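Novice: Based on what follows, work out the 3D shape:
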Amino acid sequence: MTERNERAVPRLDQGIDQELAAILREAHAALGWATNKGDLATHLFSKPADILDLILDVIPQGIVMVDGVYRTLAFNRPMFDIFHLPPGTFHIGMDFRDVLRVWAQHTGQTAAMLEQAIRRLDLREPFSFEFPQEIRGEPRWCLLTHTPLPGGGFVRTFTDITERKRLEQELERLSRVDSLTGAMARRAFDQRLAEEIERARRLDHPLTLLIADLDHFKQVNDTRGHHAGDMALRGFVAVCRQEFRKYDLVGRLGGEEFALLLPDTGLGVALVAAERLRAAVARSPIDPGVPGQIFHITASIGVTQLRPADDTATFIQRADQALYAAKAAGRNSVRCVEAAHESHGNAS
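Specialist: Below is the predicted model:
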């Protein structure tokens, strides 16, 4: 543990977060108590400053105090623990810019990141930011807070937020992916649809949209159970993955309705792909995991190509109209409102 004395610890600014400020106020109060208690404090601790050492070392955040000429005044043990720095990596009185150079070596930071970190030491406004790092080959995330002190210098805290970032990323993934089927969620699909429309217009490339609906899906749920219905939805998306390109987008619009967006694809090619999908869905067995309960499903599909005046709403609306035409034709079919040609299998 590093040595400190009471004079070396600057007065804390109100800019430090409230929790840390409260802890450090308690530490200063403990120092005053220890000084007044005399022999009792001497018996408990070799020096009153050891109380501050003890309190700072049980705080999970790494804490460092630096004066106006970059000299390290104090730091706690979690500074080593968070970054897995070898003991003795830095010490009281060390130039904090050198501390940052050591930190960069042990956390896989780039030269640009190190330069930015050194440049921001002179900022006189509080700030915080999150940054990735690599600790012994493992990707981690850290939150830094910087609080300038009156008269120069600053206090910095470092918090390992890897678990929080993991949860945030998982929530983001769940918001973009339908948890049942693995298709894109509606909001994510709508966002990508708008982006692809803009891209298609900018590059003058074709863009086609398919909307598919599983035929008689309510009957599957009612007669075979919701688990079988779930397996049917998953099975449909699995067939889409097999029949389409990796960069074609599959989204679940809701219930048993799905959308497929085909960039750089004209109407004729899209109709062929839609017919191939219809046939593949019809012949693919759905296995709910119950002996003797394998069944088949069919899908109706509407196809349309982007027009110059389309926005996302009109683009989807026209594909929906084609889908309704496919259902009106007896289901298990493909329809397109733009062209007279159509493709369909046996109605079911």
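Novice: drop to CA atoms for contacts and neighbour counts, all remaining ones
Specialist: OK.
Novice: My read is that residue 301 contacts residue 322, right?
Specialist: Yes - between residue 301 and residue 322 there is a contact at 7.5 Å, judged by C-alpha atoms under 8 Å.
Novice: who has more neighbours, the two?
Specialist: Between residue 301 and residue 322, counted using other C-alpha atoms under 10 Å, the more crowded position is residue 301 (34 against 25).
Novice: Which strand or helix spans the more buried one?
Specialist: In the assignment (DSSP states H and E), residue 301 maps to strand 299-305.
Novice: average pLDDT for whichever helix or strand comes after that strand?
Specialist: Per DSSP H and E, the first helix or strand lying C-terminal to strand 299-305 is helix 312-328. Confidence over helix 312-328, taken as the mean pLDDT, stands at 96.
Novice: So which elements touch helix 312-328?
Specialist: Here helix 312-328 touches helix 186-203, strand 207-214, strand 299-305, strand 333-336, going by 3 or more C-alpha pairs under 8 Å, 6 or more residues apart in numbering; DSSP states H and E.
Novice: Buried residues in the second one, which are they?
Specialist: Translated: strand 207-214. Within strand 207-214, the residues that qualify as buried are 207, 208, 209, 210, 211, 212, 213, 214, counting by 16 or more other C-alpha atoms under 10 Å.
Novice: Export the helices and strands packed on helix 312-328 as CSV, with columns for distance to residue 77.
Specialist: Formatted as CSV, the entries for those read as follows, by distance: least, C-alpha to C-alpha, whole Å:
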stretch, distance to residue 77
helix 186-203, 44
strand 207-214, 58
strand 299-305, 63
strand 333-336, 67
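Novice: so which of the ones you listed comes closest to residue 287?
Specialist: Residue 287 sits nearest to strand 207-214 of all the helices and strands packed on helix 312-328, at 16.2 Å, using C-alpha to C-alpha.
Novice: still on that earlier bit, adding mean pLDDT, write the helices and strands packed on helix 312-328 out as TSV.
Specialist: What follows is the helices and strands packed on helix 312-328, written out as TSV (pLDDT from 0 to 100):
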stretch	mean pLDDT
helix 186-203	95
strand 207-214	98
strand 299-305	98
strand 333-336	96
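Novice: among these, which is nearest residue 263?
Specialist: When these are ranked by proximity to residue 263, the top entry is strand 207-214, at 4.9 Å, counting by C-alpha to C-alpha.
Novice: Also compute the angle for the closest one relative to helix 186-203, please.
Specialist: 150 degrees (axes from the mean of the first three to the mean of the last three C-alpha atoms, to 10 degrees).
Novice: can you give me the angle strand 207-214 makes with helix 312-328?
Specialist: Using the same axes, to 10 degrees, one finds that strand 207-214 and helix 312-328 are set 40 degrees apart in direction.
Novice: partners of strand 207-214 in the sheet?
Specialist: Strand partners for strand 207-214, identified by DSSP bridges, are recorded as strand 257-263 (antiparallel), strand 299-305 (antiparallel).
Novice: list the buried ones in the first one?
Specialist: Spelled out, it's strand 257-263. Across strand 257-263, burial judged by 16+ other C-alpha under 10 Å covers 257, 258, 259, 260, 261, 262, 263.
Novice: Residue 102: which of those residues is nearest?
Specialist: Ranking the buried residues of strand 257-263 by separation from residue 102, with C-alpha to C-alpha as the measure, puts residue 263 on top at 48.2 Å.
Novice: Can you list phi and psi of residue 180 for me?
Specialist: phi -80, psi -50 (degrees, to the nearest 10).
Novice: ok, now the one 5 residues further on?
Specialist: The phi and psi values for residue 185, taken as degrees, to the nearest 10, are phi -70, psi 160.
Novice: With residue 105 instead?
Specialist: Listed backbone geometry of residue 105 is phi -60, psi -40, with angles given as degrees, to the nearest 10.
Novice: give me the number of residues near it?
Specialist: Neighbour count for residue 105, taken as other C-alpha under 10 Å: 13.
Novice: residues touching it, list them.
Specialist: Residues counted as contacts of residue 105 (C-alpha atoms under 8 Å, 6 or more residues apart in numbering): none.
Novice: Could you measure from it over to residue 250?
Specialist: Computed with C-alpha to C-alpha, to the nearest Å, the distance linking residue 105 and residue 250 is 43 Å.
Novice: Take the strands paired with strand 207-214 and lay them out in TSV including distance to residue 75.
Specialist: Converted to TSV, those look like this (distance: least, C-alpha to C-alpha, whole Å):
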stretch	distance to residue 75
strand 257-263	55
strand 299-305	63
